[in-house]
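Student: My questions concern the predicted model and sequence given below.
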Amino acid sequence: MRSQDTIAAVATPSGTGGVGIIRISGPAASKIARQIFQPKRINCSWESHHLYYGDILSADGRILDEVLVALMPGPRSFTGEDVLEINCHGSPWIIQAVLSQLIQLGCRLARPGEFSQRAFLNGRLDLSQAEALASLVAARSEIACNIGLAHLKGALGSEITSLRLKLIEALAFTEASIDFTEDVAAQDTPGILPLLDDLSNRLQILLDSYQVARLYTEGLNVVITGKPNVGKSSLLNILTGKKRAIVTDIPGTTRDFIEGQINIRGIPVNLVDTAGIRQPHDIIEKAGIDLVWENLANADLAIIILDGSKPLTKEDKDIFTGISTKNHLVAINKTDLPSAWKIDEINKISPNSKILRISAKFSLGIDELKNAILDNTAADKEENAGAVMITNMRHKLALEKALGNISRAKENIFSGMSPEFPAFDLREGLDNLDEITGKKIDDEILDKIFSSFCIGK
Ligand SMILES: Nc1nc2c(ncn2[C@@H]2O[C@H](COP(=O)(O)OP(=O)(O)O)[C@@H](O)[C@H]2O)c(=O)[nH]1
Ligand SMILES: [Mg+2]
């Protein structure tokens, strides 16, 4: 694919920074470099992949900034096209001025992900690698970075290619029996079933990795709930180490929900402190309590806080009724004060709940609570280390479809169907695998995938 237009975008985050990088890609990049840049040295030879020091000039010859630029002619560039990178000073004003000058010289602003899309269309990356770039940029934990990097280096792509070759082998067996042995059912073809079993196993291993990998990449969504004044906001503050939420002894202080992010043993944990659940006193409080239930619906875990220093009430017990099916743990707070009730009371209402004793105010039992947050998650499955993991819902769906195709092929073979049937299933399986690497994919889906990337990537 050769693009007609030359695109430009700021590759660094918006705001002020030491350096701001503008990226240009397309057929006019090299010409624009010569127009916009005035090198300090007379003999600037524009050698490929070399940094040059000089000034960026406006249309009327004013100096806009002192910069470093590099020209990377295609195909040996990120996009496969001629690419120019300008390292300006990171003032939003300078960056905008340079960008405007580039537009005047004929560039157009890049759409989100358009550089990566061009890299994919020019064969520089397969689709799984392009998607890995987006996940790498968004990674919030070391392991998420490692998974993103492994995919960028082609780990997922090569696993898919290897699965694809096996599938082609199975398809060849099946199609051979269509061509040469008209009256023979596919099950008579030796070797095909072990091949399909092996394929199913490997697809299942990839699918099983999704839960663990999702945990490392997207994190665990944890909602802190309980009636008013039990110490929910105090817990958010002690867990995040910041005064995120207002703490007072007035019940109903927290009305909206407040979010905080922490990392427990390398896993990003998204915490949400919520309004206390009780019979609302006004419409604002009611709206806040409705939000609690919305947050709970999307949560991986609810931490139910109870005040250990005051007798349990109907409000406490009602929360258990609302949450009973949800993954939860109970934290009895204010254990620095004398306890007003015995743990047995919870065992009676909710016999299977995990219960911890904490003091959010005096930071007691907080490490145990952090460990318990990760209990029953896939976090401790060490055997996954080093294996190829999938993190992307699109990949998961495509793999599930491919696994379904192989199972159907096996059923058709077992039931003695004519070989055309399993061959059809296997061909569909192949198409589903090809969706992951982008070997075969709809333009519309491609546009949708890349539009979720950042601008400048
Ligand atoms: N003694 C004691 N008081 C606490 C503890 N945690 C919170 N509190 C107090 O309980 C009151 C309500 O706390 P807050 O975090 O606002 O509760 P929320 O309404 O559930 O968010 C405040 O006065 C806190 O200082 C604790 O562990 N021990
Ligand atoms: Mg609160």
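Tutor: Good, I have the coordinates. Ligands and ions are numbered 1, 2, ... in the order given.

Student: Angles on the backbone of Ser309, please.
Tutor: Note on Ser309: its backbone torsions stand at phi -90, psi -10 [degrees, to the nearest 10].

Student: Kindly state the pLDDT recorded for it?
Tutor: Note on Ser309: pLDDT of 97.

Student: where's the closest residue to ligand 2 within the stretch 351-457 of the chain relative to ligand 1, distance?
Tutor: Per C-beta to the ion, Ala360 is where the stretch 351-457 of the chain lies closest to ligand 2, at 10.7 Å. For every residue, glycine as well, the C-beta is placed using N, CA and C. In this view, Ala360 and ligand 1 are 4 Å apart by C-beta to the nearest ligand atom, to the nearest Å.

Student: same check, this time on Asp344
Tutor: 21 Å.

Student: Surely Arg427 is in contact with Ala170?
Tutor: No - Arg427 is not in contact with Ala170 according to C-beta atoms under 8 Å; the separation is 10.6 Å.

Student: so what pLDDT did the residue of the stretch 351-457 of the chain closest to ligand 2 get?
Tutor: 97.

Student: how about the nearest residue to it, chain neighbours excluded?
Tutor: Closest residue in space to Ala360, ignoring its immediate chain neighbours: Ser234 at 3.7 Å, by C-beta to C-beta, 6 or more residues apart in numbering.

Student: Distance of that neighbour relative to Phe362?
Tutor: As judged by C-beta to C-beta, to the nearest Å, Ser234 and Phe362 stand 10 Å apart.

Student: Over to Met417?
Tutor: Met417 is 70 Å from Phe362, by C-beta to C-beta.

Student: The residue nearest to Ala360: what's it in contact with?
Tutor: Going by C-beta atoms under 8 Å, 6 or more residues apart in numbering, Ser234 touches 247, 333, 360-361.

Student: ok, back up a step: ok, Met417 and Phe362, which is more surrounded?
Tutor: Met417 (16 against 13; other C-beta atoms under 10 Å).

Student: The more buried one belongs to a helix?
Tutor: No - with DSSP: H, G, I helix; E, B strand; the rest coil as the criterion, Met417 is located in coil rather than a helix.

Student: Output the below-cut-off pLDDT ranges for this protein.
Tutor: 1-3, 178-190, 378-386 (pLDDT under 70).

Student: need the residues of it near ligand 2, please.
Tutor: Listed as neighbours of ligand 2 in the chain under the rule C-beta under 5 Å from the ion: 232-233, 254.

Student: between those, which has the most around it?
Tutor: Result: Lys232 is most packed of those (other C-beta under 10 Å), 31 neighbours.

Student: doesn't Thr225 make contact with it?
Tutor: Yes - counting by C-beta under 8 Å, Lys232 does reach Thr225; the two are 7.0 Å apart.

Student: Report the secondary structure state of Ser100.
Tutor: Assignment for Ser100 (three-state DSSP): helix.

Student: quick one, what contacts Ile64?
Tutor: Just to correct that, residue 64 is Leu rather than Ile. Shown in contact with Leu64 (C-beta under 8 Å, 6+ apart): 55-58, 94, 97-98, 101.

Student: By neighbour count, which of these wins?
Tutor: Val98 (24 neighbours).

Student: gap between the host helix or strand of Glu175 and the chain center?
Tutor: In this structure, Glu175 sits in helix 155-180 according to DSSP states H and E. Its chain's average C-alpha position is 30 Å from that of helix 155-180, according to C-alpha atoms, centre = their mean, to the nearest Å.
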